[in-house]
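>>> Give me a 3D structure for the following:
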Amino acid sequence: MLALRLILFLVILASAGVIVLGELKLSPLLEEMKEKEKKVTEELGKEKEEHTKQKDRAMKAEQERDAVKNDLDNSKKAEEEAKKAADAERAKAAAAAAETGKAKQETAAVKTQSAEYFELQKLGLTPPIIRRINTELPQKTNELNTLKREQQLVNVQLVKTAGELNAFLNPKGAVALPAGLVGKIAAVDPKWDFVVLDIGANHGLLRNGELTISREGKLIARIKVAKVETDYAIANVMPGFKKSEIREGDAVLTPSSLTLPPQK
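Numbering: from 1, shown residues only. Predicted structure coming up:
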């Protein structure tokens, strides 16, 4: 039992020695680790402090950026408002210039009208007289046009009557027609050898008047007017003076001194 206690004491003593020896060996390492921990802690503190400073600087930079952006936005807005105001002023100026030009034109027109009014007054044309003339003028114009139409009808009838009288007094003689008389063949009857003309008494055509038919500058035949109406006439083809067949649309004109040869 004593031996066992002695062995246990020696074991405990050896363990203590090992522990003491271990502490002696680990002590410098622990001190070194503590120094490193201290340095790391200090560096970490510096890093945190620098990080805080950088964060503050970044926040300050963002604030400055936001302030600059706000200033730019305000500046742009102010520029747009100034442009709108300038455009509005230009529009007002253009409108004012247009109104001024219009006023000048109206003033010039009034001056012209005033001068014309005084000129009319010198001629005795007062407003009541001008109004009366303006009222009566259309009526007088219509009456004048009616008289002209009636005169034209009378003249046509006179020409027609004169032609009929001349034909009655001289049934076989040729009647002189106005120089430069021109018309066209409106219809042809080859069986009875007569044609319808698109000219009549209102063109100066007379009964028994002789006309020449031509096509493309070539003489075709000669005709003698048998019946005259206001705007058309009927004529017979003169025997012996037909050179070729007559067609609708052939020209009819006052004959020249040239006489067509008799048809063979």
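>>> Number of residues surrounding V188?
18 (other CB atoms under 10 Å). Bear in mind the C-beta positions are built from the backbone N, C-alpha and C, glycine included.
>>> Using PDB, write down the CA coordinates of the helix or strand harbouring it.
Using DSSP states H and E, V188 sits in strand 182-189. Only the C-alpha atoms of strand 182-189 are listed here, as PDB (Å, rounded to 0.1, in the frame of the first residue of the first chain):
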ATOM      1  CA  VAL A 182     -66.900  79.500-141.800                       C
ATOM      2  CA  GLY A 183     -69.000  76.500-140.700                       C
ATOM      3  CA  LYS A 184     -69.200  72.700-140.900                       C
ATOM      4  CA  ILE A 185     -71.300  70.000-142.500                       C
ATOM      5  CA  ALA A 186     -73.600  68.700-139.700                       C
ATOM      6  CA  ALA A 187     -75.400  66.000-141.900                       C
ATOM      7  CA  VAL A 188     -75.300  64.700-145.400                       C
ATOM      8  CA  ASP A 189     -78.100  63.200-147.500                       C
END
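>>> quick one: strands adjacent to it?
Its sheet considered, strand 182-189 pairs with strand 194-197 (antiparallel), strand 251-253 (antiparallel) by DSSP bridges.
>>> hmm, which helix or strand of this structure has the shakiest average pLDDT?
helix 127-169 (a mean of 67; mean pLDDT, DSSP states H and E).
>>> and the longest helix for this structure?
Criterion DSSP state H: the longest helix present in the chain is helix 2-122.
>>> Next, A221: phi, psi?
phi -170, psi 170 (degrees, to the nearest 10).
>>> I'd say it and G240 touch.
No - if you go by CB atoms under 8 Å, A221 and G240 don't touch, sitting 9.9 Å apart.
>>> Tell me which of those two has more neighbours.
The residue with more neighbours, out of A221 and G240, is A221; 24 against 12, by other CB under 10 Å.
>>> For that one, which residues are in contact?
T212, I213, V237, M238, F241, K242, K243, S244, I246, L260 (CB atoms under 8 Å, 6 or more residues apart in numbering).
>>> List buried residues within these.
T212, I213, V237, F241, K242, K243, I246, L260 (16 or more other CB atoms under 10 Å).
>>> Give me the local confidence score for the first one.
In this model, T212 is scored at 94, pLDDT.
>>> How about the fourth one?
We note a pLDDT of 89 for F241 in this prediction.
>>> For it, grab phi and psi.
According to degrees, to the nearest 10, F241 has phi -120, psi 20.
>>> mind checking how far it is from E81?
97 Å (CB to CB, to the nearest Å).
>>> Equivalent analysis for the first one, please.
Taken as CB to CB, the spacing of T212 relative to E81 amounts to 89 Å.
>>> Return the distance of stretch 188-208 from the chain's centre.
52 Å (CA atoms, centre = their mean, to the nearest Å).
>>> quick one: G249 is in a helix?
No - counting by DSSP: H, G, I helix; E, B strand; the rest coil, G249 is not found in a helix; it is coil.
>>> for it, what are its contacts?
Residues in contact with G249 (CB under 8 Å, 6+ apart) are K184, I185.
>>> and the gap between it and I223?
15 Å.
>>> Pass me the low-pLDDT residue ranges in the stretch 51-200 of the chain, would you?
110, 114, 117-118, 120-121, 124-125, 147-174 (pLDDT under 70).
>>> go again using 80 as the cut-off
58, 61, 68, 71, 75, 103-104, 106-137, 139-176 (pLDDT under 80).
>>> before we move on, the earlier item: mind picking the two most distant members of the buried ones among the contacts of A221?
I246 and L260 (12.7 Å; CB to CB).
>>> how far out from the middle of the chain is stretch 207-223?
53 Å.
>>> how about the helix or strand hosting A226: buried residues?
Assigned by DSSP H and E, A226 belongs to strand 218-228. Across strand 218-228, burial judged by 16+ other CB under 10 Å covers L219, I220, A221, R222, I223, K224, V225, V228.
>>> Quick check: bridge partners of the third one?
Per DSSP bridges, the residues bridged to A221 are I213.
>>> repeat for the last one
Under DSSP bridges, the beta-bridge partners of V228 are A233.
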